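J.: got a sequence here, can you model it:
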Amino acid sequence: MNDSKQSIFQKWLWEPQPLKVLVAALVLIPSVLALIFYPAHGAKAFFILAFASIGLIIWIVYGSVGKRVQALRSSLAHGEGEAVDSLIVNGVLQSPGIVLVKEDELLLVPIVGKRVTVPLAEIKSVRETTWYNGSLLLFKKGFWLDVPGRSRLGVAMSNSSAVLFRKRLGNVGQ
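T.: Now for the predicted structure:
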């Protein structure tokens, strides 16, 4: 399910390609503006460089999240199922992670929180959404899983992965 030829908009911010583009923009734009305004405003123009620190903070935070997601991906047994980078909601906890789609179950592995194994037979219904846990998913698709004994369980993934995910779920819960 992991399509390496996805557009940059299909990828999560913690993946290397969109993270590099965002950080480059947030560091280069203030740097260029500081150089442009330097002749007119002198040293005061370099205060614009404070905005470049936003790019560095984003790089540190999302870079560490990306490394944890990649570590999870490599720790999962290959051949067990199809692994998809996703955003996982379990109760009130929302965390990036990996969804492993197996023949008869889903394994949700967030970077924060406990792993959740959901047998496909226990899923009563699956609801697709573009609004996910209070935020709009652009170029992504969210799935709320109705599983008895669980208050809130959801996964969000890129649209290309969501199509394959929905096919693998088949008519579960419909």
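J.: hey, let's count contacts and neighbours off CA atoms from now on
T.: OK.
J.: got the buried residues for the longest helix along the chain?
T.: The single longest helix within the chain, with elements called by DSSP state H, is helix 16-41. Of the residues in helix 16-41, 18-20, 23, 26-27, 30-31, 34 count as buried by neighbour count, 16 or more other C-alpha atoms under 10 Å.
J.: can you redo those as JSON lines with pLDDT and distance to E122?
T.: Below are these laid out as JSON lines (pLDDT from 0 to 100; distance: C-alpha to C-alpha, whole Å):
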{"residue": "P18", "pLDDT": "85", "distance to E122": "36"}
{"residue": "L19", "pLDDT": "86", "distance to E122": "37"}
{"residue": "K20", "pLDDT": "89", "distance to E122": "40"}
{"residue": "V23", "pLDDT": "88", "distance to E122": "42"}
{"residue": "L26", "pLDDT": "88", "distance to E122": "45"}
{"residue": "V27", "pLDDT": "89", "distance to E122": "48"}
{"residue": "P30", "pLDDT": "91", "distance to E122": "52"}
{"residue": "S31", "pLDDT": "90", "distance to E122": "54"}
{"residue": "A34", "pLDDT": "91", "distance to E122": "58"}
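J.: nearest to V126 among those?
T.: P18 (29.3 Å; C-alpha to C-alpha).
J.: neighbouring contacts of stretch 120-136?
T.: 89, 104-106, 137-138, 140-148, 156, 169, 172-174 (C-alpha atoms under 8 Å, 6 or more residues apart in numbering).
J.: before we move on, the earlier item: closest to V69 among the buried residues of helix 16-41?
T.: So of the buried residues of helix 16-41, ranked by how close each gets to V69 (C-alpha to C-alpha), first place is L19, at 14.0 Å.
J.: the closest one and W59 touch, don't they?
T.: Yes: between L19 and W59 there is a contact under C-alpha atoms under 8 Å: 6.9 Å.
J.: where along this protein do the helices fall?
T.: 16-41, 52-75, 159-169.
J.: can you add distance to I8 and give the ones you listed back as a markdown table?
T.: Listed next are the helices of the chain as a markdown table, based on distance: least, C-alpha to C-alpha, whole Å:
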| stretch | distance to I8 |
| --- | --- |
| helix 16-41 | 6 |
| helix 52-75 | 15 |
| helix 159-169 | 12 |
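J.: between the ones you listed, which one is closest to E82.
T.: Nearest to E82 among the helices of the chain is helix 159-169 (9.1 Å), distances taken as C-alpha to C-alpha.
J.: skipping adjacent residues, who's closest to L26 in space?
T.: Nearest residue to L26, sequence neighbours excluded (C-alpha to C-alpha, 6 or more residues apart in numbering): G55, at 4.8 Å.
J.: what about that neighbour, how many residues close to it?
T.: Residues lying near G55 (other C-alpha atoms under 10 Å) number 20.
J.: from K124, how far off is L169?
T.: 12 Å (C-alpha to C-alpha, to the nearest Å).
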